[in-house]
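Student: just to be clear, the model below is a prediction. Sequence and coordinates:
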Amino acid sequence: MTPKPSSPVCLRVTYEGRVQGVGFRWTVSRIARRFEVAGSVRNLANGKVELIAQGDLPVVSDFLAEVASAMRVNIEGSKTVEIDIQEDLAGFQVRH
């Protein structure tokens, strides 16, 4: 089922490529300040980066497009899945 355009969504995006050790998480955090999104970004043990973004679908889509544009030279691939809304999610944080 596709969410309505103004419905809140929570998406998990896993990025692969040269995404660790290049300021990826901090760039995502800086971009997140310009959007009304909640979530987190963290490095994974397998060398990938996981981004959780929650908010209204158009805002989350624009946020993810900005991340993809800013980090395009480092991203070799990504996988996006919709996950359940996280009621206790507030703000955006870099996780370690």
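Tutor: That came through fine.
Student: burial measure for residue 16, as a count.
Tutor: 16 (other Cβ atoms under 10 Å). All C-beta spots, glycine's among them, are computed from the backbone N, C-alpha and C.
Student: helix or strand for it, which one?
Tutor: Using DSSP states H and E, the element containing residue 16 is strand 8-17.
Student: what about the helix or strand following that strand, distance to the chain center?
Tutor: Scanning forward in sequence from strand 8-17 by DSSP H and E, the next helix or strand is helix 24-32. Remark: helix 24-32 is offset 9 Å from the chain centroid, using Cα atoms, centre = their mean, to the nearest Å.
Student: next, the angle helix 24-32 makes with the strand holding residue 16.
Tutor: 150 degrees (axes from the mean of the first three to the mean of the last three Cα atoms, to 10 degrees).
Student: where's the residue lying closest to residue 28 once chain neighbours are set aside relative to residue 7, distance?
Tutor: Closest residue to residue 28 apart from its sequence neighbours, by Cβ to Cβ, 6 or more residues apart in numbering: residue 41 at 4.5 Å. Distance, residue 41 to residue 7, using Cβ to Cβ, to the nearest Å: 23 Å.
Student: equivalent analysis for residue 50, please.
Tutor: Applying Cβ to Cβ, the value for residue 50 to residue 7 is 23 Å.
Student: those two: which has the busier surroundings?
Tutor: Counted by other Cβ under 10 Å, residue 50 and residue 7 do not tie: residue 50 has more neighbours, with 15 against 10.
Student: confidence score at residue 5?
Tutor: For residue 5, the model assigns a pLDDT of 54.
Student: tell me the contacts of the most centrally placed residue in the chain?
Tutor: By Cα atoms, centre = their mean, the mean C-alpha position of the chain lies nearest to residue 51, the distance being 3.6 Å. Residue 51 is in contact with 12, 13, 14, 15, 28, 39, 40, 41, 64, 67, counting by Cβ atoms under 8 Å, 6 or more residues apart in numbering.
Student: understood, closing this out.
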